[in-house]
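Undergrad: Here's a sequence, model it:
(one chain, ligands or ions: 1)
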Amino acid sequence: MQELEERIQKEGIVKPGNVLKVDAFLNHQCDCALFDAMGAAWAQHFKNTQINKILTIESSGIGIACVAARHFGNVPVVFAKKAQSINLDGDQYVSTVFSFTKQREFPVIVSRKYLSADDRVLILDDFLANGKALQGLIDICDHAGAAVAGIGIAIEKGFQGGGDALREAGYDLDSLAIVESMDPNDGSITFRQ
Ligand code: 5GP
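TA: So this is what the prediction gives:
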């Protein structure tokens, strides 16, 4: 998606340790017009996929998923929580994920009330690196017996391999920008075409 690649080039900051910061429009300040264009792009890609629910993970996935849902007939958006809370009642699906950015494990939790074997799910998230966060969400869908009908990602770091592994496993993965390389020394970023 050209508009997203241009924003990454202009406002993305390459940090050491393979971290791309896009706080200016995605992870801190949100550009909702850009989110809307991203939702339209996913709706085009997944137009023949009968999804009835979007699943994402807190926190940055939520804004993207809620705007995207407007392009999918306002299907409900469920976001996985990363910590137990007294607000989480009843039975839950739980998986464990290793966080790339925080370098530690955390739980991924979804209430059984909001995901079931009747669901055809589109999973959305902001970043895809090694694929651990997505694997946690896929595990949760598997526990629920829900079908993973597609996966939409804003920014995939292609050189970290998580996306290619998911494609090889047969998932319909639509990443709107795939970073091929990035250099923290000169700040350069290239994209897979
Ligand atoms: P994975 O689980 O695929 O290794 O990493 C994906 C998760 O880690 C995303 O949900 C995102 O929150 C975070 N993440 C991974 N790489 C980056 C990055 O370069 N920049 C930012 N902002 N988040 C990242």
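Undergrad: what pLDDT does the closest residue to residue 3 other than its chain neighbours get?
TA: Spatial nearest neighbour of residue 3, excluding adjacent residues (C-beta to C-beta, 6 or more residues apart in numbering): residue 37 at 5.8 Å. Placement of C-beta: from N, CA and C, glycine included. Residue 37 carries a pLDDT score of 98 in this model.
Undergrad: Residue 84 now?
TA: 78.
Undergrad: Let me see the contact set for it.
TA: 107, 109 (C-beta atoms under 8 Å, 6 or more residues apart in numbering).
Undergrad: go with 7 Å
TA: By C-beta atoms under 7 Å, 6 or more residues apart in numbering, the contact list for residue 84 reads residue 109.
Undergrad: so it, which of the three states?
TA: Per DSSP: H, G, I helix; E, B strand; the rest coil, the local secondary structure of residue 84 is coil.
Undergrad: try residue 62
TA: helix.
Undergrad: mind checking how far it is from the ligand?
TA: 12 Å (C-beta to the nearest ligand atom, to the nearest Å).
Undergrad: before we move on, what about residue 147?
TA: In terms of C-beta to the nearest ligand atom, residue 147 sits 21 Å off from the ligand.
Undergrad: ok now do that residue, which residues does it touch?
TA: Going by C-beta under 7 Å, 6+ apart, the list of residues near residue 147 reads 120, 121.
Undergrad: for it, which residues make a bridge with it?
TA: In this entry, residue 147 is beta-bridged to residue 120, by DSSP bridges.
Undergrad: same deal with the one 10 residues further on?
TA: The residues paired with residue 157 through beta bridges, assigned by DSSP bridges, are residue 179.
Undergrad: From the ligand, how far out is it?
TA: Going from residue 157 to the ligand by C-beta to the nearest ligand atom gives 6 Å.
Undergrad: Surely that residue is in contact with residue 179?
TA: Yes. With contacts counted by C-beta atoms under 7 Å, residue 157 reaches residue 179, the gap being 4.9 Å.
Undergrad: list residues touching both of the two?
TA: residue 20.
Undergrad: Secondary structure class of the residue nearest to residue 3, three-state.
TA: helix.
Undergrad: what do you get for residue 149?
TA: strand.
Undergrad: List the residues that contact it.
TA: Per C-beta under 7 Å, 6+ apart, neighbours of residue 149: 49, 51, 120, 121, 122.
Undergrad: mind redoing it with 6 Å?
TA: Contacts for residue 149 (C-beta atoms under 6 Å, 6 or more residues apart in numbering) come out as 49, 51, 120, 122.
Undergrad: Identify, from those, the entry nearest to residue 104.
TA: residue 122 (28.0 Å; C-beta to C-beta).
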